[in-house]
Structures are given as structure tokens and as C-alpha cells.
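Provide a 3D model corresponding to the input given below.
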Amino acid sequence: MNSKKLPPQKSDSETPPLDLRQEEDFAAKYASHVATEPTGWDLKLTFGRVDSSVGTNGVLQHTSISLPWPTVKCLIYLLRLQLIAYEKNNGHVPFPPGGINPLPRSVPKEFATYPKAEAIHEALLKLYDEFVADNPEAFPQK
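Next comes the predicted model:
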């Protein structure tokens, strides 16, 4: 398999730089939609783009990547770093109204019997409330 060598990444003095390479079939794609599918082993992310030519709320999916849970945790951290830096340099990134469904204030009955349902729901509400506070434009008052 041929690969394209990329410039070395900077690192601290303890860690050697990453030797980044791209596989021959590497493809760069655009995604305006991500669907998630969790398992006990990993999280599958399916990327696509919103496309009204396929109907209202139409999405054409094009790529799926599965990540083990430790990598998901690392990705969340890296994405937050990038967003913080971007917003510090460029200002708040507005989020469109209706882009996130409201989270019910109590555990939905279909999940009430799940182990740790209350604790999970409480943590999800905390995250949701932080998102709403950081993005009030996404939740216009009726």
C-alpha cells in the first residue's frame, strides 16, 4: 500500500513527532450531518450532508467511521480545544434554531428501567443546559 508522507507534527520534548501519512485511497469529504450509533465497544459516526433535493430534512450519508471509546473521549477534548480557540479568535459560532431537539426534563418512561437511568439523565440535562446557555440563539423564546 502506498501512502503520502505529511510534514511532522510538533511535540513536546518527551514525545517523538507523529509520522502522519495518508493512504492512497484517502478522501476528504464535507459533512453537515453526523449520526451516532453506540455499542459496548465503540461509537460509529456516520457522516453525510443535508440535501433538500432528496426531500425535507433529507441527508445523503457518505462515510462511516467507528471509534473506540477512549478515542471518542480524546476526540471530544480535541474538538472542544479547536472550538474554544476558533471562538476566541473569531467570536461566537451561532447555532441554528431547531438544530438540537429539546431534552425532556424527566427520564422518558421507555428508558426508566435502564440501569442508572436517573444518573445518566441528570448528566445529560446538565450538558444540554450548558449547551442552551452557551447558544441561546438556537432556542428562541416562543
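
Next one: the spatially closest residue to residue 61 that is not a sequence neighbour relative to residue 33, how far apart?
Closest residue to residue 61 apart from its sequence neighbours, by Cβ to Cβ, 6 or more residues apart in numbering: residue 48 at 3.7 Å. C-beta: built from backbone N, CA, C; applies to glycine. Distance, residue 48 to residue 33, using Cβ to Cβ, to the nearest Å: 5 Å.

more neighbours, these two?
Using other Cβ atoms under 10 Å as the criterion, residue 48 and residue 33 rank with residue 48 on top: 19 against 15.

hang on, the more buried one packs against residue 30?
No: shown here, residue 48 and residue 30 do not form a contact pair, counting by Cβ atoms under 8 Å, at 9.7 Å.

Strands of this structure, start to end?
Listed in chain order, the strands of the chain (DSSP state E) span residues 3-5, 21-23, 33-38, 42-50, 59-68.

Turn those strands into a markdown table, columns for distance to residue 129.
Converted to a markdown table, the strands of the chain look like this (distance: least, Cβ to Cβ, whole Å):
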| stretch | distance to residue 129 |
| --- | --- |
| strand 3-5 | 44 |
| strand 21-23 | 40 |
| strand 33-38 | 20 |
| strand 42-50 | 23 |
| strand 59-68 | 26 |
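
right, so these: which one is the most enclosed?
Looking across these with neighbours counted as mean count of other Cβ atoms under 10 Å, the highest average goes to strand 42-50: a mean of 16.

what angle sits between it and strand 33-38?
Interaxial angle of strand 42-50 relative to strand 33-38 (axes from the mean of the first three to the mean of the last three Cα atoms, to 10 degrees): 160 degrees.

neighbours around residue 132, how many?
Residue 132, neighbours per other Cβ under 10 Å, totals 15.

ok, it - contacts?
Residue 132 sits next to 138-139 when contact means Cβ atoms under 8 Å, 6 or more residues apart in numbering.

Any figure for the gap between it and residue 15?
Distance of residue 132 to residue 15, given as Cβ to Cβ: 38 Å.

Alright, that wraps it up for me.
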